[in-house]
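# 3D model of this:
(chains A and B)
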Amino acid sequence: MDFDFYLSTMWSVLKALPLTLEIWFFGIAFGLLIATGLTWMRASGYKLGEYFTRGYVFIFRGSPLLVQLYLIYFGLSQFDFVRHSPVLWPILRDPMYCTIVAMALNTAAYESEIFRGALRAVPVGQIEAAKAFGMSAFTRFRLVTLPIALRLALPAYSTEIILMTKATALASVVTIMEMMGTAQKIQHDTFRPIEVLTCAGVIYLLLNLSIARLFAWVEYRLSPHLRPPPEQSQQIKPVPEVL
Amino acid sequence: MSANVAAAAKSAPASGETPAISVKDLRKCFGDHEVLKGISLEAHKGDVISILGSSGSGKSTMLRCINLLETPDSGEVRVDGELIKMKQGRDGHQMPADIRQVERIRANLAMVFQSFNLWSHMTVLENLVAAPTHVLKRPRAECLEQAEALLKRVGIWERRNYYPPHMSGGQQQRAAIARALAMNPKVMLFDEPTSALDPELVGEVLRVMRSLAEEGRTMLVVTHEMGFARDVSSKVMFLHRGEVDSVGEPKEMFARPPTPQFKQFIANFNK
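Numbering: from 1, shown residues only, chains lettered A, B, ... in the order given. I've put the predicted structure just below:
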């Protein structure tokens, strides 16, 4: 094995990690914003909002992210009004922005479904108790519905975030030299796919491992009520093996 | 309505005092099924009214109509003389006209549920402090102090930092009663507070309820505890198929059941 080559490849791919993280971060941040809006529209009880979100989820969950990315990056520039728009064109001519837009739109569809399910799973009795004590709709949501729903949504949400980490690799097809793009370039230059792709794969694995651990930690912190009561937990291992 | 209702109405304090709760001709349907067929009830300050009835008689629904957890189809509910304003909704059903009014009135009618419904993500202490601080806007320190005192009173102060799932049903229900007391409510509504408990845990909850009755709290108690109804309450109301079958003074009611239905009902319990 050529350790020097492994090391130099590892280093080159790692140098592209900040770019990967940038796409990842802005993709999930904007995705979360859109998902929150969609969830709110879905839950508002207005028929129009419900149909819109249903259609949205149908389209963005039902078609490949790659197709969406191509349509946004290559497809939209076909239209004159896009190329001449002072708002749209600066965003849509930039592959980086296009990737972030595609990822945000795509993940929002999944996340809005996760949030909808979590909101519906909040036990009715918990909300009734909040009503019976005179809490307003807003206070009820803030103190009872939201904290419980967030805990319910967290496992599925963390999975979606991990899927998004892997989806950042698609940015390489629209000329962005993030980790996957960098790896491919090295591979083309050296004709050593095994070494190069293994390096990239390992970095993605470690990245997702840390994300999974982070979410497991948050989940652990948020659910003391689902663990054994204080005096019993002294006897068993205090922090369970979570991944 | 039977003659007993009229008799009970006469026995109520004749003074001009406004009743704490006054319900008139309450009706409620679920689909085609008419659950409440015109129920009236008056509770004065210090009354402890046990509401009895077999399952499906509408007793829980009636209680839930008082704090608008269910919306009655017609009839009126007054709390401390204040009428809960209703309006006609777009779907033809009644709905509360002023949700702020409903929230304000609910804050005066603390409820204890059959399945406790303590907020599971909060500790016991947080459960007791949540509504007083966020609804009544009282200072947190004062609420905490009161909460600890209430938990001592119901005997679970040692568990104040526990989460509800870590406690027995009896402890959870006592915590739920303390949570209701923390609102300094004018009237307390109990919806079958002991029905979800193991038999050996019923006693600890009933003892707390008895002490509340003794200090003169106004309570409406939907229950299957005949002992509590007979010995603790000041009035017993028996619902049968969505109607008030009989109302009366407990000793009298149990000694001489005024209607065949009530006689049948208590006979089933004594088996």
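
# from here on, contacts and neighbour counts on C-alpha atoms
Noted.

# check contacts around the closest residue to chain B within chain A.
When scored by C-alpha to the nearest C-alpha, chain A has residue A:134 as its residue closest to chain B, at 4.3 Å. By C-alpha atoms under 8 Å, 6 or more residues apart in numbering or on different chains, the residues touching residue A:134 are B:102, B:103, B:104, B:105, B:106, B:107, B:131, B:135.

# pick out the most distant pair among those.
Largest separation among those by C-alpha to C-alpha: B:102 and B:131, giving 15.2 Å.

# between these two, who's got more neighbours?
Set side by side, residue B:102 and residue B:131 show more neighbours around residue B:131, with 26 against 21, by other C-alpha atoms under 10 Å in any protein chain shown.

# I'd say the more buried one and residue A:135 touch.
Yes. Residue B:131 sits in contact with residue A:135 when judged by C-alpha atoms under 8 Å, with a separation of 7.1 Å.

# possible to save the contacts of residue A:134 as a markdown table with pLDDT and distance to chain A?
Shown next, in a markdown table, are those (pLDDT from 0 to 100; distance: C-alpha to the nearest C-alpha, whole Å):
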| residue | pLDDT | distance to chain A |
| --- | --- | --- |
| B:102 | 92 | 8 |
| B:103 | 93 | 4 |
| B:104 | 92 | 6 |
| B:105 | 92 | 7 |
| B:106 | 93 | 5 |
| B:107 | 92 | 4 |
| B:131 | 92 | 6 |
| B:135 | 92 | 6 |
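
# keep only those of those that are in helices.
Of the contacts of residue A:134, the ones assigned to helices by DSSP state H are B:102, B:103, B:104, B:105, B:106, B:107, B:131.

# without its sequence neighbours, what residue ends up closest to residue B:254?
Of all residues beyond its chain neighbours, the one nearest residue B:254 is residue B:230 (7.0 Å), with distances taken as C-alpha to C-alpha, 6 or more residues apart in numbering or on different chains.

# name the helix or strand for the one you found, please.
Using DSSP states H and E, residue B:230 falls within helix B:226-231.

# centre of the chain to that helix, how far?
Here the centre of helix B:226-231 is set off from its chain's centre by 15 Å, with C-alpha atoms, centre = their mean, to the nearest Å.

# tell me which other helices or strands it touches.
Packing contacts for helix B:226-231, counted by 3 or more C-alpha pairs under 8 Å, 6 or more residues apart in numbering or on different chains; DSSP states H and E, involve strand B:235-240, helix B:250-255.

# determine which stretch of these is the most buried.
When the helices and strands packed on helix B:226-231 are scored by mean count of other C-alpha atoms under 10 Å in any protein chain shown, the highest mean neighbour count falls to strand B:235-240 (a mean of 23).

# who in the stretch 51-200 of chain B is up against chain A?
B:67, B:69, B:100, B:102-107, B:109-111, B:115, B:117-121, B:131, B:134-135, B:162-166, B:180 (C-alpha under 8 Å from any C-alpha of the partner chain).

# what about 6 Å?
B:103, B:106, B:107, B:110, B:117, B:119, B:135, B:163, B:166 (C-alpha under 6 Å from any C-alpha of the partner chain).

# quick check, the helix or strand hosting residue A:98 touching chain B?
Element membership for residue A:98 (DSSP H and E) is helix A:95-121. No. Remark: helix A:95-121 sits outside contact range of chain B, by C-alpha under 6 Å from any C-alpha, the gap being at least 13.8 Å.

# quick one: that helix to chain centroid distance?
On the basis of C-alpha atoms, centre = their mean, helix A:95-121 sits 7 Å off its chain's mean C-alpha point.

# in that helix, which residues are buried?
A:95-116, A:118-119 (16 or more other C-alpha atoms under 10 Å in any protein chain shown).

# what is the burial count for residue A:71?
Residue A:71 has 15 neighbouring residues, counting by other C-alpha under 10 Å.

# next one: the one 10 residues further on
Applying the criterion other C-alpha under 10 Å, we find 12 residues in the vicinity of residue A:81.

# same question for residue B:120.
As a burial measure, residue B:120 scores 18 neighbours (other C-alpha under 10 Å).
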